[in-house]
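Q: Below are the sequence and a predicted model for it; my questions follow.
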Amino acid sequence: QSRISTYLDRWLWPRPLVAMCGMLRNSGIVARVSFACILGSTVGAQHEDHGRAKNAVCVAGQACAREGTSVSKDNVLLQFNPPWRTQKKSFTRDPVPAPAPDPVHAPAPAPDACLCVFDIDRTLTGKQGDTTTCPRNRELQMHDEAYGGGHATLSALAAEGISTTFCNHCYLGITSAGAGSGEGSEWNNYILDHIMTGEVQDAFVKAHPESKKWSYGTDVRSPYVMQQGDKIKQESADLLRLWYGSEYGINIKPSGVYFFDDRTENIEPFSSKGLNSHEISCESRDKVLYHGSGMVGYCGATPEEIQRFSGNVLCKEHPHESPAPSPAPTPDACLCVFDIDRTLTGKQGDTTTCPRNRELQMHDEAYGGGHATLSALAAEGISTTFCNHCYLGITSAGAGSGEGS
């Protein structure tokens, strides 16, 4: 007992605790004592009773020597063995519970991988050479064999970039009935190098350059599949999903696949595989091919049509409308106010630097004068933005070409 008191004094235990130890010792509750750890140091002081050493106290240390008991460095823990727990030569001790560990905050799970799969003709492209009907499209000086041939003409989606859509964060693929201008052609190389790009896909191709090649039909050995017939494109699209998983461990659920095609008959068959499919080029349908039935698109896909909707959606089903059964409450009124010069207009006459702009055959006095040239906003319409639902106004430092012009 004197040795215990010495250690208590040395480590500056509070006097009430020293008194408690002495009182418990005198009452016979603590008749046998052994220190396993005091403030992280093994002490080894013990009192023997009938040749047996019994643990009684652990103080603010690390793991105690007997039975791995742990205590907090911020607390003093007194454990005693009352005599009624000792029967004959056996001994039972209540274990000291270890303090709960600090919670480990696991990183948030990564979102499920997604895969965007595109048709080529009239999806990534528009009608060859027609940028009048389709002012957002861009004509290239290379040959495209599709639909009778002509200059390859990028749809608005391909011209402005898949990376401007949610597919920027998905893996990419192609499933096309056509073959472009053939593997190795300037046009087919352009598709792989300049159209099938996005943040996720670029990183994938950089890590796996061997994947940048064409596959055919259901012999899927890369993300880019040609010559897979209409109405059965879902077969190669699903094989493409499985190819990412089997070859590179990228697991994509069927519900994470989004297929985009202008051709009406290719949309609904994707339901058999549980894949999402969306008809695009909804505002522009070809009035000549297939007896003017509108079976195929004309201008091709726009970035606005590339949405992460679930299901197999045809143009007539208005995918942009909310499926909610009750109308949303009317929002507060809003007002969009625009400048004119270089906001509603661009540099007069320059549609090379600004291919989405449109030159008019009328005079605009601003900045020295020239043919009035609409900005992309003015050419495509304020109605294509949220301002369609707002009141409109102009506040301009200039005066255009004057009132009444």
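A: Yep, it's here.
Q: Can you name the residues that contact V117?
A: Shown in contact with V117 (CB atoms under 8 Å, 6 or more residues apart in numbering): L172, G173, I174, T175, A237, L240, V257, Y258, F259, F260. Bear in mind the C-beta positions are built from the backbone N, C-alpha and C, glycine included.
Q: Can you tell me whether I have it right that the first one is in a strand?
A: It stands for L172. Yes: remark: L172 belongs to a strand, assigned using DSSP: H, G, I helix; E, B strand; the rest coil.
Q: does it have beta-bridge partners, and which?
A: Per DSSP bridges, the residues bridged to L172 are C116.
Q: what's the burial count for it?
A: 23 (other CB atoms under 10 Å).
Q: Was I right to think it contacts L115?
A: Yes: assessed by CB atoms under 8 Å, L172 is found in contact with L115 at 7.4 Å.
Q: that older thread, and the contacts of V117 as CSV, adding pLDDT and distance to S310?
A: Formatted as CSV, these follow (pLDDT from 0 to 100; distance: CB to CB, whole Å):
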residue, pLDDT, distance to S310
L172, 98, 19
G173, 98, 19
I174, 98, 22
T175, 98, 19
A237, 98, 16
L240, 97, 19
V257, 98, 11
Y258, 98, 9
F259, 98, 12
F260, 98, 14
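Q: from the residues you listed, which ones fall inside strands?
A: Members of these lying in strands (criterion: DSSP state E): L172, G173, I174, T175, V257, Y258, F259, F260.
Q: got a winner among those for most neighbours?
A: Most neighbours among the ones in strands among the contacts of V117, by other CB under 10 Å: T175, with 29 neighbours.
Q: Roughly how far does that residue sit from T131?
A: Computed with CB to CB, to the nearest Å, the distance linking T175 and T131 is 27 Å.
Q: Same list (the contacts of V117) but as TSV, adding distance to E183.
A: TSV is the format used below for those (distance: CB to CB, whole Å):
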residue	distance to E183
L172	18
G173	16
I174	12
T175	16
A237	20
L240	17
V257	24
Y258	25
F259	22
F260	22
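Q: from those residues, which is closest to F204?
A: L172 (8.5 Å; CB to CB).
Q: residues contacting the closest one?
A: L172 neighbours (CB under 8 Å, 6+ apart): L115, C116, V117, F118, I162, M196, T197, G198, V200, Q201, P223.
Q: Out of the residues you listed, who's the most crowded?
A: Per-residue neighbour counts (other CB under 10 Å) across the contacts of L172 peak at V117, which has 31 neighbours.
Q: what pLDDT does that residue get?
A: pLDDT for V117: 98.
Q: Report the separation between it and L377.
A: 31 Å.
Q: can you give me the helices in the stretch 101-250 of the chain?
A: 156-160, 186-190, 199-207, 233-248 (DSSP state H, counting those that start in this stretch).
Q: What are the contacting residues of the second one?
A: By that I understand helix 186-190. Among residues not part of helix 186-190, those counted as contacts by CB under 8 Å, 6+ apart are L140, M142, H143, D144, E145, A152, A179, G180, S181, G182, W214.
Q: count of residues packed around D341?
A: 18.
Q: quick one, what contacts it?
A: Neighbouring residues of D341 by CB under 8 Å, 6+ apart: A366, Y367, S396, A397, G398.
Q: So which of these wins on neighbours?
A: If you rank the contacts of D341 by neighbour count (other CB under 10 Å), A366 sits at the top with 19 neighbours.
Q: contacting residues for H291?
A: The contact partners of H291, by CB under 8 Å, 6+ apart, come to none.
Q: And the pLDDT at it?
A: In this model, H291 is scored at 90, pLDDT.
Q: mind listing what's buried in the host helix or strand of it?
A: Assessed by DSSP states H and E, H291 sits inside helix 289-292. By neighbour count with 16 or more other CB atoms under 10 Å, helix 289-292 contains the buried residues L289.
Q: After that helix, which helix or strand is next? Please name it.
A: Sequence order places strand 312-313 as the next helix or strand after helix 289-292, per DSSP H and E.
Q: Quick one: residues in contact with that next one.
A: By CB under 8 Å, 6+ apart, the list of residues contacting strand 312-313 reads I267, E268, F270, S271, N276, S277, H278, E279, P319.
Q: at 7 Å instead, please
A: Contacts with strand 312-313, where a contact means CB atoms under 7 Å, 6 or more residues apart in numbering, come from I267, E268, F270, S271, S277, H278, E279, P319.
Q: Quick one: closest of the helices of the stretch 101-250 of the chain to E304.
A: When the helices of the stretch 101-250 of the chain are compared by CB to CB, helix 156-160 sits nearest E304, at 8.6 Å.
Q: average pLDDT across that closest one?
A: Rounded mean pLDDT across helix 156-160 is 97.
Q: try stretch 396-403
A: 93.
Q: First-to-last residue distance for it?
A: For stretch 396-403, the first-to-last residue distance is 13 Å (CA to CA, to the nearest Å).
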